[in-house]
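> Build me a model from this:
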Amino acid sequence: MLAEATLQLTDSGSDSPRLDADVLLMHVLKIDRVRLLSHPEMTITEEQRKAFTELVERRKKGEPVSYITAHKEFWSLPFKVTKDVLIPRPETECLIEEVLRFYPSPSGSLRICDIGTGSGIIAIVLAKELPSVRIVATDNSEGALLVASENAFSHGVGERIEFFKTDILAGISGDFDIICSNPPYISEEEYLLLPEGIRHFEPRDALVAEEGGLAVHRKIIAEGACRLKPGGRIFIEIDERQKDAVISLFEDQGKYCDIDCRRDYGGMYRVISARRA
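Just a heads-up that it's a prediction; the model follows:
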């Protein structure tokens, strides 16, 4: 079954056909990889075969495996994902690492805002890693907030995260010690060049921004200048080609200092942070 599915997925253009087949079969059989690899003689029922075939057909049409299984691992934790949210990318772990680098063991109770929370991965991981913090997570998608809330409670941090449907920080009261965000930062032109699996299935609004991909960065940085506590820090994910432009957005506000750039593990600039003067 796996060999046949791998051939089909190869022909349909998957860049990881055997991995896709493995993950889909594990999902159908409700087993882990160890079980899959250690019991190749396992008998498959006709019902399981049919279910697996249906999932393979969905993948052949380009639907991402994470949407088919409704699951994606991030920070070694399982998260529910639906088509209302962007599929978590490992590069975003660099943003969390940067927050923890600047605030390894914060004293007192920090207040954090996660803008454009999506599936809630940033807010939830920070809540688990920093047990004393309180977090506000915003998004303008009702569907995304439902997924994020479900993920938060499944990880036992739902009581410490408040979810709000709003644009950036509109209507949110109070100031923050930390603001973080993985905003949409792909330009209209770049979006047309993305793989079909992304364009046809992932939410466009979570990917594309006006002004060459910088519109949301501009809003977050401007509002952050007013909503960060003195000495507070903002962390924002970028495309490497936007590094200089985003630094300029911080500098133009005249309220930020100590600007820091972090590369991801592929060597690309991925996170920029700055301190409220």
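
> Could you find the closest non-adjacent residue to residue 222?
In this structure, residue 222 finds its nearest non-sequential neighbour in residue 253, 6.6 Å apart by C-beta to C-beta, 6 or more residues apart in numbering. Every C-beta, even on glycine, is put in place using the N, C-alpha and C of the backbone.

> chain center to stretch 144-157: distance?
Using C-alpha atoms, centre = their mean, to the nearest Å, the mean C-alpha position of stretch 144-157 is found 13 Å from that of the whole chain.

> Run through who's touching that stretch.
77, 79-82, 84-85, 117-121, 123-124, 127-128, 137, 139, 158, 161, 163-165, 203, 206 (C-beta atoms under 8 Å, 6 or more residues apart in numbering).

> Also stretch 227-240?
91-92, 94-95, 98-99, 102, 113, 169, 172, 175-183, 185-186, 213, 217, 220-221, 224, 246, 256, 268-277.

> That stretch: which residues count as buried?
227-228, 232-239 (16 or more other C-beta atoms under 10 Å).

> how about TSV for those residues, with distance to residue 41 and pLDDT added?
As requested, those are exported to TSV (distance: C-beta to C-beta, whole Å; pLDDT from 0 to 100):
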residue	distance to residue 41	pLDDT
227	60	95
228	59	96
232	58	95
233	55	97
234	55	97
235	49	98
236	51	98
237	45	98
238	49	97
239	47	94
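
> Narrow the residues you listed to those in strands?
Residues of the buried residues of stretch 227-240 located in strands (DSSP state E): 228, 232-237.

> I'd like to know which of the contacts of stretch 227-240 are buried.
92, 94-95, 98-99, 113, 169, 172, 176-183, 185-186, 213, 217, 220-221, 224, 246, 256, 269-276.

> So which of these sit within helices?
Taking DSSP state H, the ones among the buried ones among the contacts of stretch 227-240 that sit in helices are 94-95, 98-99, 213, 217, 220-221, 224, 246.

> what about the residue nearest to residue 222, distance to residue 269?
20 Å (C-beta to C-beta, to the nearest Å).

> Same question for residue 102.
Applying C-beta to C-beta to residue 102 and residue 269 gives a distance of 17 Å.

> which residues touch the closest residue to residue 266 other than its chain neighbours?
Nearest residue to residue 266, sequence neighbours excluded (C-beta to C-beta, 6+ apart): residue 91, at 7.6 Å. Residue 91 makes contacts with 237, 264, 266, 268, 270, as judged by C-beta under 8 Å, 6+ apart.

> Next, count neighbours for the third one.
Neighbour count of residue 266, defined by other C-beta atoms under 10 Å: 10.

> Quick check: pLDDT value at it.
In this model, residue 266 is scored at 93, pLDDT.

> isn't there a strand covering residue 31?
No - read with DSSP: H, G, I helix; E, B strand; the rest coil, residue 31 is coil and lies in no strand.

> From residue 39, how far out is it?
Applying C-beta to C-beta to residue 31 and residue 39 gives a distance of 8 Å.

> So for those two, which residue has more residues nearby?
Ranked by neighbour count (other C-beta under 10 Å), residue 31 and residue 39 place residue 31 first, with 14 against 11.

> Angles on the backbone of the more buried one, please.
When quoted as degrees, to the nearest 10, the phi and psi of residue 31 stand at phi -130, psi 170.

> three-state assignment of the residue nearest the centre of the chain?
A centroid search over the chain (C-alpha atoms, centre = their mean) returns residue 88, at 3.5 Å, as the residue closest to the centre. Following three-state DSSP, we place residue 88 in the coil state.

> That one contacts residue 77, doesn't it?
No - if you go by C-beta atoms under 8 Å, residue 88 and residue 77 don't touch, sitting 9.9 Å apart.

> Can you tell me the SS state at residue 101?
When the rule is three-state DSSP, residue 101 gets the label helix.

> That one and residue 94, how far apart?
Taken as C-beta to C-beta, the span from residue 101 to residue 94 is 10 Å.

> does residue 265 sit in a helix, a strand or a coil?
Reduced to three states by three-state DSSP, residue 265 is coil.

> what's the burial count for it?
10.

> show me what contacts the nearest residue to it once chain neighbours are set aside?
Excluding the flanking residues, the one nearest residue 265 by C-beta to C-beta, 6+ apart is residue 94, at 7.5 Å. Applying C-beta under 8 Å, 6+ apart to residue 94 gives the contacts 237, 262-265, 270-271.
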